[in-house]
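J.: Got a sequence here, can you model it:
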Amino acid sequence: MSEPIPWPADRLVAQLGRWSTSRGPLYLLLAERLRELIDSGQLPPRAALPPDRVLAEQLAVGRGTVVAAYDLLRQEHRLQRHQGRGTWVAPSVVSGATAGTIGTANPMFLNYLEPAGDSLPLGCAAPCGPPPELAEAYRAALTRLPGLEGGDIGYYPLGHPELRAGLAQRYTERGLPTAPEQILVTGGGQQALALLARLLLGPGDPVLVQGPTYPGALEVFRHSAAVIHSVPTGVDGPDPARWAAALDAEAPRLAYLNPTNHNPTGGTVPALTRRGLVAAAGSRDVPLIEDTVLDGLSFADTEPPVLATLAGQDRVLTVGSFSKTVWGGVRIGWIRAAGADIAQLARIKAIHDLGNAMLEQLAMVQLLPRLDEVAAARAAQLRRHHDQLCAELRKSLPQWRFRPATGGQCLWVRLPGDASAFAQVALRHGVTVLPGTALDATGGSTDHLRIPFTAPAAELTESVRRLAVAWSAYRRTAQSPAAVHALVV
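T.: Below is the predicted model of the structure:
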């Protein structure tokens, strides 16, 4: 018989998602969610679950809650438990998926995949509501459809020519000469990252990122079976000397930066630092992905230039999207890269979808001339929400520490405690938050939370109120482990 497969506690906690938001005893809610994971194959046969006490600490519940849940599933023959050997998924369990199709365990994606119910979703950072200009752009795009009859089949694997030309012109006007052949239209920034990883990475290839960084990028690189290394970053970005040292030490196949309105710190890398980071990657012939999805959302009047304007244009691959400046429901992004890379990426993309929706692309063609105006309005709205969130956190949670963002959508908040355990308590008080470990490739940032300020003003106020109540409950739990059993909402 094969040996049990170690299953880390942090991975299991992420897979559990919103397990405790329903009504009922916590041990039954935990058992129900574990049962779903086992039956769907997300916890494969022979997966060795964390010890009772370890999982209890991660979930901020009493050890008895985990013991009762494990014992219930043992009685159902879904788990096997042996004194001194541990607990694992029974090998006889017939699941709806194979052990190799586990899927994502990142809390950010689970927050999108699972219904929110009555919870306020502070685990997601996405703009609330489309701007009025978007409806106008769609109306204008609809008027063009009758003129396409008979002469247009609607398949554009590289993207609609007008949209590619419009995006290329935007780069050219901003000091980065670009031809339409250097643009590939994608299904949002996330697909752009996935396509680049598919082109450039193989199993075991090293990747260098900031720590912390956008969790969607981490998930893409993990899906490629890459080995992720990180350089600590602050609001001013990674230190160029440490970045260069990491490039030498790890010899990465690819590097990834999110330098403007960084997710999650909300900082922007200054121009001089950018030059050092780009030069270090270029001199070592390391392809560099620049994620510009949050460009245009700065609270200042200007932003530094994109990295490809600084050096080695062909080695900097720029990812952009309409999802943050316009609306998350607009699933249109793009890659700006050398023409040869775009040609290869288009072949990969064509296998999957043969191109993006035609109407949506035509709408973005209409919106492009007003994109700066739309982004400025979105940034002004975010600035108001940012200031509100900062004020309410200072008032209701003065023990928490953060540096105000200079743009983007998130605050990077440090709390005097374990953020993952607190996130479990917050979940039971009706608000989901993303702990720092989900954004840190090393598993660090354990005392940080990412808190977006994208929600409506009233929802932000209620979210902070719930966080404050949850923090009081968490502090009582931390001081007295026996009190955890009382944390049933």
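
J.: do you know how far Ile153 is from Leu345?
T.: 22 Å (CB to CB, to the nearest Å). (Glycine included, C-beta is placed from N, CA and C.)

J.: Mind checking which of those two has more residues around it?
T.: Leu345 (23 against 8; other CB atoms under 10 Å).

J.: thought that one was touching Ala337?
T.: Yes: counting by CB atoms under 8 Å, Ala337 is a contact partner of Leu345 at 7.4 Å.

J.: Please identify every residue contacting each of the two.
T.: Leu184 (CB atoms under 8 Å, 6 or more residues apart in numbering).

J.: can you pull the contacts of the closest residue to Leu72 other than its chain neighbours?
T.: Spatial nearest neighbour of Leu72, excluding adjacent residues (CB to CB, 6 or more residues apart in numbering): Ala31 at 4.6 Å. Neighbour list for Ala31: Ala68, Ala69, Leu72, Leu73 [criterion: CB under 8 Å, 6+ apart].

J.: now with 10 Å?
T.: 19, 25, 65-66, 68-73, 75-76, 78-79 (CB atoms under 10 Å, 6 or more residues apart in numbering).

J.: go on, Ala48?
T.: Residues near Ala48 by CB under 10 Å, 6+ apart: Glu3, Pro4, Ile5, Pro6, Trp7, Pro8, Arg85, Gly86, Thr87, Trp88, Val89.

J.: okay, now the closest residue to it other than its chain neighbours: neighbour count?
T.: Closest residue to Ala48 apart from its sequence neighbours, by CB to CB, 6+ apart: Pro4 at 3.7 Å. Pro4 has 18 neighbouring residues, counting by other CB under 10 Å.

J.: Repeat that for Val433.
T.: Counted with other CB under 10 Å, the neighbours of Val433 add up to 25.

J.: you'd agree it is up against Leu427?
T.: Yes: with contact defined as CB atoms under 10 Å, Val433 and Leu427 form a contacting pair (8.2 Å).

J.: next one: the helix or strand where Glu219 lies to chain centre, how far?
T.: Per DSSP states H and E: Glu219 is located in helix 215-223. How far helix 215-223 lies from its chain's middle: 8 Å, per CA atoms, centre = their mean, to the nearest Å.

J.: now this protein, which segments are flagged as low pLDDT?
T.: 1-2, 92-117, 149-151, 312-313, 479-489 (pLDDT under 70).

J.: The longest strand seen in it to helix 215-223, inter-axis angle?
T.: Assignment by DSSP state E gives strand 227-234 as the longest strand of the chain. Comparing the axes of strand 227-234 and helix 215-223 via axes from the mean of the first three to the mean of the last three CA atoms, to 10 degrees yields an angle of 160 degrees.

J.: Show me what counts as buried in strand 227-234.
T.: Using 16 or more other CB atoms under 10 Å as the test for burial, strand 227-234 gives Val227, Ile228, His229, Ser230, Val231, Thr233.

J.: likewise stretch 274-284?
T.: Buried residues in stretch 274-284 (16+ other CB under 10 Å): Arg274, Arg275, Gly276, Leu277, Val278, Ala280, Ala281, Gly282.

J.: try stretch 19-37
T.: For stretch 19-37, by 16+ other CB under 10 Å, it's Trp19, Ser20, Thr21, Leu26, Tyr27, Leu29, Leu30, Ala31, Arg33, Leu34, Arg35, Leu37.

J.: Please apply the same query to stretch 435-446.
T.: Pro435, Gly436, Thr437, Ala438, Leu439, Asp440, Ala441, Ser445.

J.: distance of Arg33 from Thr87?
T.: Using CB to CB, we find Arg33 at a distance of 15 Å from Thr87.

J.: same question, Val425
T.: Taking CB to CB, one finds Val425 at 24 Å from Thr87.

J.: So those two - more neighbours on which side?
T.: When Val425 is set against Thr87 and neighbours are counted by other CB under 10 Å, the residue ahead is Val425, at 28 against 23.

J.: Please pull up the helix or strand immediately following the helix or strand hosting the more buried one.
T.: Following DSSP H and E, one finds Val425 within helix 419-427. Counting by DSSP H and E, the next helix or strand C-terminal to helix 419-427 is strand 431-432.

J.: Paired strands for that next one, with orientation please.
T.: strand 120-121 (parallel) (DSSP bridges).

J.: Outside of the strand it pairs with itself, list whatever touches it.
T.: With CB under 10 Å, 6+ apart, strand 120-121 has contacts from 18, 111-112, 114, 426, 429-434, 452, 454-455, 459-460, 462-467.

J.: Try it again at 8 Å.
T.: Asn111, Gly430, Val431, Thr432, Ala455, Glu459, Glu462, Ser463, Arg466.

J.: How about stretch 360-377?
T.: Outside stretch 360-377, the residues that reach it (CB under 8 Å, 6+ apart) are 131, 133-134, 136-138, 140-141, 144, 156, 159-160, 162-163, 166-167, 170, 185, 296-297, 322, 325-326, 330-332.

J.: got the buried residues for that stretch?
T.: Quick answer for stretch 360-377 (16+ other CB under 10 Å): Glu360, Gln361, Leu362, Ala363, Met364, Val365, Gln366, Leu367, Leu368, Leu371, Val374, Ala375.

J.: element containing the fourth one?
T.: Here Ala363, judged by DSSP H and E, is contained in helix 358-367.

J.: All the helices of the stretch 1-150 of the chain, in order from the start?
T.: 9-16, 26-39, 52-59, 63-75, 107-113, 132-142 (DSSP state H, counting those that start in this stretch).

J.: what residues go with each domain of this structure?
T.: Recorded structural domains for the chain (assignment: automatic domain parsing) are 5-103, 120-128+376-486, 132-372.

J.: For the residue nearest to Thr172 when sequence neighbours are not counted, what are phi and psi?
T.: Among residues not flanking Thr172 along the chain, Thr178 sits closest, at 5.3 Å (CB to CB, 6+ apart). Phi and psi for Thr178, reported as degrees, to the nearest 10, are phi -140, psi 140.

J.: now the helix holding Ala363 against helix 132-142, angle please.
T.: For helix 358-367 against helix 132-142, the angle by the same axes, to 10 degrees is 120 degrees.

J.: Can you name the two of the contacts of Ala31 that sit furthest apart?
T.: Largest separation among the contacts of Ala31 by CB to CB: Trp19 and Gln75, giving 19.5 Å.

J.: Tell me who's in contact with Gly202.
T.: So, once contact is read as CB under 8 Å, 6+ apart, Gly202 ends up touching Ser224, Ala225, Arg253.

J.: quick one: the strands in the stretch 51-200 of the chain?
T.: For the stretch 51-200 of the chain, the strands defined by DSSP state E, counting those that start in this stretch cover 79-82, 86-89, 120-121, 183-186.

J.: chain center to the third one: distance?
T.: Pointing back at strand 120-121 there. The answer for strand 120-121 is 16 Å, by CA atoms, centre = their mean.

J.: Please report phi then psi for the residue lying closest to Leu288 once chain neighbours are set aside.
T.: Distances taken as CB to CB, 6+ apart put Ala281 closest to Leu288, at 4.5 Å, once the chain neighbours are dropped. In terms of degrees, to the nearest 10, the main-chain angles of Ala281 are phi -70, psi -40.
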